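>>> Predicted coordinates and the sequence they were generated for:
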Amino acid sequence: MKHVTIKDVAKALNVSISTISRAFNDKYDIHPDTKNMILEKAKEMGYSPNPIAQRLTQHKSSLIGVVVPEFVNAFFPKIIMAIQRVMDENGYQVLIMSSEESAGKELKNIRTLEKNMVDGLIISLTQETRDVSYFQHLLNKNIPIVQFNRVSQKLATPKIILDDTTSASYATEHLVQQGYRRIYHLSGPNNLIISHNRIKGFTETLKKHGLPVTENKIIEAGIFIEDGKRIATRLIENGDIPEALFCFNDPVAIGAMEVFKAHNYRIPEDIAFMGFTESRIATHLTPALSSVEQPTDEFGKIAARSLLDIINEKNHISDKTIILSGKLNIRASSIRHK
């Protein structure tokens, strides 16, 4: 079967190729009747324009790239769904890529999206990311970027973040108010700003209540279930059992809970748990896990609208930071039995 080209459509209608092109590119200088006639004939003949060629002509792809560090936790998929809803309402398609916590793969993802001529990027950085020079290269090319959750202060872009310090303070305050005094924090990767902010909220709250803050109370764990299991195993082997564990996120808490339960520790009677990020299974655990809920819907909506504002030139001030608040959900894993 012969491949139908723009020349074939032009010949069938006895019009110029440029007229066909203007119809498909929705130019203002073509009569609506002529445009409809061309589109109907093209459909009848089975012709559709090359999308890459269209992007080059229009200098617009109506594509948005979203790059996140991982899909293991529900946090990022929830945000992506909110981004997609906003973009869909505004006529944009979303290309989604996961960097799997690898700075190298993150860079490959960014380059792939650049080749696809996306109109803008929404990014949350990996735990490995140090060099942001390629992101700056994109900004220099006038490709707008919005950062969320894990951000670099080196880039002059909109940033949507959680007030991690206050959220961590609320979580720690709850544990202190329950009567726990020997509280440890399983922190996130040391190079993440959010890890340091949660540590700050934890330590400031302990100091406020006159509780000692020592190095052994803050243990760098990671972000995955296996990280929680590893640290819990070490604590049990060393006989170093706190009254409560405040974990960087729910997966770390879930992993640690699993190990302590396997060693016949009762939760919360022998050791209490506080998570962060409000995973989907937090309420289905036994006991249910206390956690800090992050406003994922707001994250996604604000990130999407911030990018659209730059694309549509409604906002010329791109270097702004929007700080969102978390919500403490208290459940059985942290409530001390009187």
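Here it is on my side, so go on. Residues are numbered from 1 along each chain as shown.
>>> which residues sit against stretch 139-157?
The contact list for stretch 139-157 (Cβ atoms under 8 Å, 6 or more residues apart in numbering) reads 69, 75, 79, 114, 118-127, 129, 132, 135-136, 138, 158-162, 192-194, 299, 303, 306-307, 310-311, 318-319. In short, each C-beta sits where N, CA and C put it, glycine included.
>>> do that again at 6 Å, thanks
120-125, 132, 135, 158-160, 299, 303, 306-307, 310, 318-319 (Cβ atoms under 6 Å, 6 or more residues apart in numbering).
>>> Just the terminal-to-terminal distance for it.
One end of stretch 139-157 to the other measures 9 Å (Cα to Cα, to the nearest Å).
>>> all strands for the stretch 1-150 of the chain, in order.
63-68, 93-98, 120-123, 145-148 (DSSP state E, counting those that start in this stretch).
>>> possible to save those strands as a markdown table with mean neighbour count, mean pLDDT and distance to Thr5?
Shown next, in a markdown table, are those (neighbours: other Cβ atoms under 10 Å; pLDDT from 0 to 100; distance: least, Cβ to Cβ, whole Å):
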| stretch | mean neighbour count | mean pLDDT | distance to Thr5 |
| --- | --- | --- | --- |
| strand 63-68 | 24 | 97 | 24 |
| strand 93-98 | 17 | 96 | 25 |
| strand 120-123 | 27 | 98 | 32 |
| strand 145-148 | 26 | 97 | 37 |
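>>> would you list every one of the helices in the protein?
Taking DSSP state H as the test, the helices found in the chain are 6-13, 17-24, 32-45, 51-58, 75-89, 103-115, 133-140, 164-177, 193-208, 225-238, 250-262, 296-311.
>>> Tell me which of these sits nearest to Ser290.
helix 164-177 (7.2 Å; Cβ to Cβ).
>>> If you count contacts, what does the closest one end up packed against?
When contacts are defined as 3 or more Cβ pairs under 6 Å, 6 or more residues apart in numbering; DSSP states H and E, helix 164-177 packs onto helix 193-208, strand 244-247.
>>> Just want the most central residue of the protein.
Phe76 (4.4 Å; Cα atoms, centre = their mean).
>>> my read: that one touches Val67, true?
No: between Phe76 and Val67 there is no contact under Cβ atoms under 6 Å: 10.1 Å.
>>> Go through the helices and strands packed on helix 164-177 and pick out the most buried.
strand 244-247 (a mean of 29; mean count of other Cβ atoms under 10 Å).
>>> List the neighbouring strands of that one plus their orientation.
strand 183-187 (parallel), strand 272-274 (parallel) (DSSP bridges).
>>> Now do the last one: everything it contacts.
Taking Cβ under 6 Å, 6+ apart as the criterion, the residues outside strand 272-274 that touch it are Ala171, Leu175, Ala244, Leu245, Phe246, Ala253, Met257, Ser290, Ser333, Ser334.
>>> Those residues into a markdown table, with extra columns for distance to Asn36 and pLDDT?
Shown next, in a markdown table, are these (distance: Cβ to Cβ, whole Å; pLDDT from 0 to 100):
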| residue | distance to Asn36 | pLDDT |
| --- | --- | --- |
| Ala171 | 60 | 98 |
| Leu175 | 67 | 98 |
| Ala244 | 68 | 98 |
| Leu245 | 66 | 98 |
| Phe246 | 63 | 98 |
| Ala253 | 59 | 98 |
| Met257 | 63 | 98 |
| Ser290 | 60 | 98 |
| Ser333 | 63 | 98 |
| Ser334 | 64 | 98 |
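>>> Narrow these to just the buried residues.
Among the contacts of strand 272-274, those that count as buried by neighbour count (16 or more other Cβ atoms under 10 Å) are Ala171, Leu175, Ala244, Leu245, Phe246, Ala253, Met257, Ser290, Ser333, Ser334.
>>> thought the fourth one was touching His185?
No: the pair Leu245 / His185 is not scored as a contact, 7.7 Å apart, by Cβ under 6 Å.
>>> which neighbours do these two share?
In contact with both Leu245 and His185: no residue, using Cβ under 6 Å, 6+ apart.
>>> returning to that earlier point: relative to Arg280, which of the contacts of strand 272-274 is nearest.
Among the contacts of strand 272-274, and counting by Cβ to Cβ, the member closest to Arg280 is Ala253, at 13.7 Å.
>>> And the closest one, how close does it get to Thr277?
9 Å (Cβ to Cβ, to the nearest Å).
>>> Let me know which of the strands of the stretch 1-150 of the chain is the nearest to Ile271.
strand 63-68 (32.1 Å).
>>> So what are the sheet partners of the closest one and their directions?
Assessed with DSSP bridges, strand 63-68 is paired to strand 93-98 (parallel), strand 120-123 (parallel).
>>> Out of those strands, which gets nearest to Glu44?
strand 93-98 (26.0 Å).
>>> Give me the residue ranges of this structure where confidence is low.
Flagging of the chain using pLDDT under 70 yields the residue ranges 1-2, 26, 28, 50-59, 314-317, 338.
>>> can I see the domain layout of it?
Listed domain ranges for the chain are 6-58, 63-161+296-325, 164-294+328-334 (source: automatic domain parsing).
>>> Quick one: end-to-end length of the longest one, please.
This means domain 164-294+328-334. End-to-end for domain 164-294+328-334, by Cα to Cα: 20 Å.
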